Structures are given as structure tokens and as C-alpha cells.
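J.: Next comes the sequence, and after it the predicted model I'd like to discuss.
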Amino acid sequence: MTVGKAGGALVLGHREKASPESGAAKGAGSVARVSRQHSRLLLTGVLLGLLGVGASLAQPWAIGELIEAAGRGTPMTGSVVTLVGLFCAGALFSALQAYTIGRAGENIVLDVRRILVGRLLRADLTAFERQSQGDVLTRTVTDTSLVRIALSQSLAQLIVSGATVVGGVVLMFLIDLWLMVITLICLGTASVVSVVLARKLRRAARGNRDDTGAFASDVQRVLAALPTVKASRAEAREAARIGELAERTRRSGVRVSAYNALLMPSMNVGTQGALAVVVGVGMSWVARGEMDMASLTTFIMYLFQLVSPLVMFFMGVGQFVQGRAAVQRVDELARLPQEEAGPPGRTSSAPALRLPPHEPAVEFHDVRFAYRRGTDAERTQVLNGASFSVPARGLTAVVGRSGAGKTTLFQLIERFHAADGGRVRLGGQDIETLPLETVRTLVGYVQQDSAAMRGTIRENLTYASPHADDAAIREAVELAGLTPVIARLPRGLDTELGDQGSGLSGGQRQRLCIARTLLQRPAVMLLDEATSHLDSDSERDFRAVLRGVSRRCAVIAIAHRISTVIDADGIVVLEEGRVRATGMHRELMEHDELYRRLAGSQLYADPRSAEHTPRLRPVTREEYR
């Protein structure tokens, strides 16, 4: 698809559409790919650790040389200097290894979080809505932290501790074969027990991460609806429900702690048993002259050196299996199907794009759509062959009972979802062939729940148009009737808002969202119950705003309050996912029973009084369709 401008109109060509499946494939193994990108720093850390291992393994040998020098009565200065040098080298390499591995781990977490957030923001909305939001937050924040432990600290610890153990074992074999056989029997038994515990730990860790995600999800659910919880006197019930989830998380966490706690003692028992046997047998051999004291001392020093690396190795195993569970959860989230990818880090700055003036702004041709819940077999049919068109200028209203499919129409126009059948056209072109960024530049959307965000009013206003100048901002604020509200605020446009726009009333937040969309200068403006929080005077002012806006673009408004759109150029009546009727208010009052009931219950008993209601320029039925 290519986009160009000719005579102020948008020129549309064809482009291959990106598939959600390809996005999912790209998401698979995201953590592993990031780790490979930092492999050089990780390998440097491991190499430094191995140099430290070499210095540590040489220390018992240097101590043995010191003992022999003392026994022979020769000068010990060289042996002491060598031993001190090995101590300092071991400490230096250990510190450098810890810093390098820690830095690599933080870099990995940063990149994983960037990728994951980017994929969540680009996720296909249908797939994303099936996820528990609390669990998404847990995976994005907590599980990514555990990724650092799995891919940097514990992995490096496994390699370095493993090298220490292997090197120590080889040197101990060279000192005395039979003492080493005794040592291996004790340590081997403890190692088998530790491997079994590590497998159980992995399963318990995955269960604990899932339980933590469920707990976070329920907390988020309740806090998001806290006023409703209080008004329903449901605090005790919700506290009990969340308490049960917290208890389940505690139980699974205790299992993880239990398996973790057993790992070290199992190795300690093996090493302590080996030490007791080696000291007893070795001293008897020294007493009989079958072994010299320097060799026994060196062997015992190596055995002491094995204790900490063995414990650290199996601690690393425990951390790695816990981190691996977190890696799996992060990768699962990164595999969410993706929308069409746009240029990274770029927000469209082309507000001047316009649809061809001779084409309808929006057309629906026999459109069918069903929501999928859980498995694909669970479908809720919403649209059943809806067909209508919207002219390039003027106000079009969409009315109908709750559940008729009104909001779904908007979501298809914004390409939050793809139609199951039929065609949705924008400016005469199939919307599925247009770049997603172009669609959302041309179409402005004011949601029913008036989504405002934490930040200043200015930041909220310019969210879709970050490069808008002050003159454009003032115009949008004035058109939305927000000027008096901002004038009363001590910091004006720089006033800080809380979460979900707290600090403004519901009606003020709604006007803020309308102004944000106006600033975008869309070719099509979608208003989903945009006046639901406005009082009568504000609604009357907003109708005047609609008159002005609809002269320069297509405005499509969903309204339960018929008074808001009584003077619309055209009205679409939806019933059970189909277009029941189209026309203007007077026509529909005369000819459509459903519309007459919807309007009559709100406006007046005598439908003829509508004749005195002012209307915009009439549009013929043929032009409208």
C-alpha cells in the first residue's frame, strides 16, 4: 500500500497486509534472542569468573608448598608472596565477574521489557482482551526481573561453580585416588537428592508464578472498580476472595521455599560427611606413614573449597529453574498476535490527509462479525450483514438498543478487529488494504468511557498530535467548549491530572477527549456516547460544535440520547446486528416503529413536535446511501 497526496486528497494504492501469525512467530523466543545479543558481555563475565576459579584452585597448592618449605626449613617469602598474590587475584576477578554479569543482566532485562511493552502495545486487540490484565502486569514487571537471575546471575554461577568443582575434583584425584573415591560416594549421593529436588522446585516455581499472576489480576480488577465495590458493600466479600488467592499464592510460595531450603542442606550433609571420612581416613594414613601431612592438608583444603561451589551450584540450579519458569511466561506473552507493524517510535504527523471528496467516507457492505471468547468455538455473533454508507461531510447518527452492535461498528472502522465477512471501506478503499497508521490518522475516536491519562492537560490534548502548535490547541479547546474550564485552573494547560484523568469531572474529561480528537483533524470522527456525561446546557453547546465539525469532516455518533443527534443529516437504526432503517429524524419517526419508541420515550409524546427542531442541510436518501 502506498500513500500520496494529490490535490489535497488521499491517494491510495495496495499493500500486502501483515498477518497476526507472523507477528506471533516473531515473538517466539524473544528472551533467548535478547540474551544472544548480550552474549559477549556474558562471556566476558564468565571468563573473568574462570580466571578467578584458577586463582582459587591454585591457593591450596600454594599452601601445601608453604607447609613443605616450613618443614624443610627453607625461606618461605616466595611462597607467602605467591599465596597473597593468588588471594588478591581471586578477589579482583570475582569482583569484576560480579559487576560484568550484573551489568549484562540489567541490559537483558531492559531489552526484554522494551520488546515486551512494544509487542503489548502492538498486540491484536482481540487476543489482548483475552489476557488477564493483572497477570500481564506481573509478567511485564516481576517475571522480567526473574529473567535477569535466570540468564545472567544463575547461569554464570552454574558455569563458574561447575568449573571450580570439576577443577577441584581433578586435582584431588591427582593427590590421592582412594580418598577421592570416598569423597565422590558421599557427594554423589547428595547430588542425586539435589537433582530430584531441583525438578520439583521447577514445577513449584511455575505454579507460584501463575498463582501470583492470578492474585495480581484480582487485585487490579477490584481496585479498578473500587467505587462500585464500596457502593455494593462488597469490601468483605472481595477481601475474602482476594485473601483466598493470596493464601494460594502463599502455599505455592512455601513449597518453593521448602524445596529451596532442602537443596543446600542436602549438599551440606554430603560435604560434611565426606570431610569427616576424609579427615579420619587421611589421619590414619599419615600416622602409618602412607601419606604425608602436606598432601593431606592440600586435599582437605580442596575439599573445603568444594563445599561453597557445590552449594552455590545447586542454589544456581534452583534460581535457574525459577527464572526459566519466568522466561516461559514472558515468552508466552511476547507471542501474542500482532497488528500490522508501523515505523518504530513514530507517531503520524499528517493531519492534513483527506479522503477523496467524491467517495463516501465510510461504507459497510454485508459486514458480519462475532466476538470470540476463550476458544474459537465460543462465538457471540454481533453483526449479521450490516450495510450502510456515510457521506464525506455531515453528521450521521447510529442508534439502537443495547447490544445491537453500535460500538462494534466503530471498532471495525478503527480496525481494532477484522470483519469475519463483507467489506468495510474508507474513502472507497477496502480498509484491510490500508496501512494501519493511515487508518488511525484519518479516523478519530472518542470512546464512551472518556479515556484520559495521568499527566498534564496539554499532554492529554496532544497525545495523538504531539507536534500541534498553540494556535491549533486553542482552536480545539474552544471547539470542545473546554476554554472556561482551563481558564479556572491555576496552571491552565499544565495542570496535572491523576490516573484516568482524575482532577476533572466526567463531563470535563469527555470534552478533553473530544478536543484531543479535534486536534487530530481527522477525516472521520467517531463519537461513542460522547455526550453521556454532559448536562443539558453543555449538550446544547456540543450540538453546535458538531454542526461546525461536521462541515469539514464526516462525524459518526452513537447516541442513546436522541436529543443529541435529532438534527443529524442521517440516522442509522441498528437491530440485532442488522441495519433496520436509515433516514432523518422526521422520516424515521413516521415510518420506523423501533426508532419511534426510542425517540418518543426520551423526547415527547407527540412526534409531530419534532418538526420545529432545527436540522442541518438535508441529505437525500439516495445520497445518504
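T.: Good, I have the coordinates.
J.: How about Phe369: what's its closest non-neighbour residue?
T.: Leu383 (4.4 Å; CB to CB, 6 or more residues apart in numbering). Where you see a C-beta, it was placed from the backbone N, CA and C, and this is true even at glycine.
J.: would you say that neighbour is within a strand?
T.: Yes. Under DSSP: H, G, I helix; E, B strand; the rest coil, Leu383 falls within a strand.
J.: quick one: it from Thr582, how far?
T.: Look at Leu383 and Thr582: by CB to CB, to the nearest Å, they are 16 Å apart.
J.: who's more crowded, the two?
T.: For Leu383 versus Thr582, neighbours defined as other CB atoms under 10 Å are more numerous around Leu383 (25 against 19).
J.: my guess is that one meets Gly403, correct?
T.: No. With contact defined as CB atoms under 8 Å, Leu383 does not count as touching Gly403 (11.5 Å).
J.: Whichever strand or helix holds Phe369 pairs with which strands, parallel or anti?
T.: Using DSSP states H and E, Phe369 falls within strand 362-372. In the sheet, strand 362-372 lines up against strand 379-390 (antiparallel), strand 421-426 (antiparallel) (DSSP bridges).
J.: Quick check: buried residues in the shortest one?
T.: Looking back up the chat, that one is strand 421-426. 422, 424-426 (16 or more other CB atoms under 10 Å).
J.: What does the pLDDT read for Asp420?
T.: Asp420 carries a pLDDT score of 90 in this model.
J.: what about it, how many neighbours?
T.: Counted with other CB under 10 Å, Asp420 comes out at 14.
J.: residue contacts, it?
T.: When contacts are counted by CB atoms under 8 Å, 6 or more residues apart in numbering, Asp420 touches 368-370.
J.: Mind giving me the PyMOL select for those, buried ones only?
T.: Of those, the buried ones go into a single PyMOL selection, burial set by 16+ other CB under 10 Å:
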select buried, resi 369+370
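J.: Looking at the contacts of Asp420, spot the one nearest Thr297.
T.: Nearest to Thr297 among the contacts of Asp420, counting by CB to CB, is Ala370 at 78.6 Å.
J.: Could you dump the contacts of Asp420 into JSON lines and include distance to Asp569 and pLDDT?
T.: Below are these laid out as JSON lines (distance: CB to CB, whole Å; pLDDT from 0 to 100):
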{"residue": "Arg368", "distance to Asp569": "27", "pLDDT": "93"}
{"residue": "Phe369", "distance to Asp569": "26", "pLDDT": "92"}
{"residue": "Ala370", "distance to Asp569": "31", "pLDDT": "89"}
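J.: Tabulate the contacts of Asp420 in CSV, adding columns for distance to Ser161.
T.: CSV is the format used below for the contacts of Asp420 (distance: CB to CB, whole Å):
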residue, distance to Ser161
Arg368, 61
Phe369, 57
Ala370, 55
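J.: got a markdown table for the strands paired with strand 362-372, with distance to Ala599 too?
T.: Output for the strands paired with strand 362-372, formatted as a markdown table (distance: least, CB to CB, whole Å):
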| stretch | distance to Ala599 |
| --- | --- |
| strand 379-390 | 19 |
| strand 421-426 | 28 |
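J.: Among those strands, show the one with the smallest mean pLDDT.
T.: strand 379-390 (a mean of 89).
J.: Please point out which parts of it sit buried.
T.: Going by neighbour count (16+ other CB under 10 Å), the buried part of strand 379-390 is 382-383, 386, 388-390.
J.: thinking again about what came up before, contacting residues around the strand holding Phe369?
T.: Counting by CB under 8 Å, 6+ apart, residues outside strand 362-372 touching it are 126, 378-390, 405, 408-409, 412-413, 417, 419-426, 428, 524, 554, 556, 579.
J.: re earlier: how near is the residue nearest to Phe369 to Ala104?
T.: Leu383 is 51 Å from Ala104, by CB to CB.
J.: just Glu244 next, same as before
T.: 40 Å.
J.: And Ala464, its phi and psi?
T.: Phi and psi for Ala464, reported as degrees, to the nearest 10, are phi -90, psi -10.
J.: hang on, I meant Gly570
T.: Torsion angles, degrees, to the nearest 10, at Gly570: phi -160, psi 150.
J.: these two touch, right, it and Ala397?
T.: Yes. Counting by CB under 8 Å, Ala397 is a contact partner of Gly570 at 7.4 Å.
J.: higher neighbour count, the two?
T.: More crowded of Gly570 and Ala397, by other CB under 10 Å: Gly570, with 29 against 24.
J.: Leu442: neighbouring residues, count only.
T.: 27.
J.: And the helices in the stretch 1-150 of the chain, which stretches?
T.: Taking DSSP state H, counting those that start in this stretch to define them, one finds helices in the stretch 1-150 of the chain at 20-27, 30-37, 39-72, 77-121, 125-129, 133-138, 144-148.
J.: Just put the ones you listed in JSON lines and tack on mean pLDDT.
T.: Formatted as JSON lines, those follow (pLDDT from 0 to 100):
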{"stretch": "helix 20-27", "mean pLDDT": "45"}
{"stretch": "helix 30-37", "mean pLDDT": "76"}
{"stretch": "helix 39-72", "mean pLDDT": "79"}
{"stretch": "helix 77-121", "mean pLDDT": "83"}
{"stretch": "helix 125-129", "mean pLDDT": "77"}
{"stretch": "helix 133-138", "mean pLDDT": "78"}
{"stretch": "helix 144-148", "mean pLDDT": "77"}
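J.: Among those, single out whichever gets nearest to Val222.
T.: So among the helices of the stretch 1-150 of the chain, helix 133-138 is nearest, using CB to CB, at 9.8 Å.
J.: other SSEs contacting that closest one?
T.: Counting contacts by 3 or more CB pairs under 8 Å, 6 or more residues apart in numbering; DSSP states H and E, helix 133-138 is packed against helix 177-224.
J.: taking the mean pLDDT, what do you get for the helix it packs on?
T.: Taken as a whole, helix 177-224 has a mean pLDDT of 78.
J.: Give me the helices and strands touching that helix, please.
T.: helix 133-138, helix 154-175, helix 235-287, helix 293-334.
J.: and Tyr445, what element?
T.: Per DSSP H and E: strand 443-446 holds Tyr445.
J.: right, and the helix or strand after that strand?
T.: Counting by DSSP H and E, what follows strand 443-446 is strand 455-456.
J.: I'd like to check what contacts stretch 162-175. Which residues are they?
T.: 49-50, 53-54, 56-57, 60-61, 179-180, 183-184, 295, 298-299, 302-303, 305-306, 309-310, 313.
J.: of all the buried residues of strand 421-426, which comes closest to Arg561?
T.: Using CB to CB, these come closest to Arg561 at Val424, 26.5 Å.
J.: so the closest one touches Asp430, yeah?
T.: Yes. With contact defined as CB under 8 Å, Val424 counts as touching Asp430 (7.5 Å).
J.: Do you have the helices of the stretch 451-600 of the chain handy? List them.
T.: 457-461, 470-479, 483-488, 506-519, 536-549, 585-591, 593-600.
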